[in-house]
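*Asks:* Quick one: sequence and predicted model below, then my questions.
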Amino acid sequence: ITSNAFVSLLQHCPRLVSVGIAVDWSTIDKHDISPNAPYQGFAHEALSEVFFGASEIGHPTRIAAFISAIAPNIESVKAWDPEFHKENQDFYKYSGRW
């Protein structure tokens, strides 16, 4: 899904504490994130754990800034789990970025 759709999911599920979802981060990857929270100050307070599957990122600090702004209480972020993605040709390229 897109990063906008991910935010929409969080907006519609305020009690969501854990989610596993692949996100297309390309729109966030291309732009610096303002220090002000995106989405008019929206912050999902309940989310504490996310698994982004094989989501590809180019600029980890931009993605981290975005995730921190929309879900400031996340304690665990996982992606490219070797158990599921080690055979993927892009595993080594993207797993270290998370």
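*Replies:* Here it is on my side, so go on.

*Asks:* burial of residue 61, as a residue count?
*Replies:* 10 (other CB atoms under 10 Å). (Each C-beta comes from the backbone N, C-alpha and C, glycine too.)

*Asks:* Residue 45 versus that one, what's the distance?
*Replies:* Residue 61 is 23 Å from residue 45, where distance means CB to CB, to the nearest Å.

*Asks:* Residue 51 too?
*Replies:* As judged by CB to CB, residue 51 and residue 45 stand 19 Å apart.

*Asks:* need the contact list for residue 23.
*Replies:* 1-3, 6, 52, 55 (CB atoms under 8 Å, 6 or more residues apart in numbering).

*Asks:* Tell me how many other residues crowd the closest residue to residue 24 other than its chain neighbours.
*Replies:* Spatially, and ignoring its direct neighbours in sequence, residue 24 is nearest to residue 2 (5.4 Å; CB to CB, 6 or more residues apart in numbering). Residues lying near residue 2 (other CB under 10 Å) number 13.

*Asks:* Quick check: phi and psi on residue 2?
*Replies:* Phi and psi for residue 2, reported as degrees, to the nearest 10, are phi -80, psi 170.

*Asks:* ditto for residue 24
*Replies:* Dihedral angles (degrees, to the nearest 10) for residue 24: phi -80, psi 100.

*Asks:* thinking again about what came up before, surely the residue nearest to residue 24 meets residue 29?
*Replies:* No - between residue 2 and residue 29 there is no contact under CB atoms under 8 Å: 12.0 Å.

*Asks:* and the residue nearest the centre of the chain, helix, strand or coil?
*Replies:* Note on the chain: the residue nearest the mean C-alpha position is residue 67, at 5.5 Å, using CA atoms, centre = their mean. Secondary structure, DSSP: H, G, I helix; E, B strand; the rest coil: residue 67 is helix.
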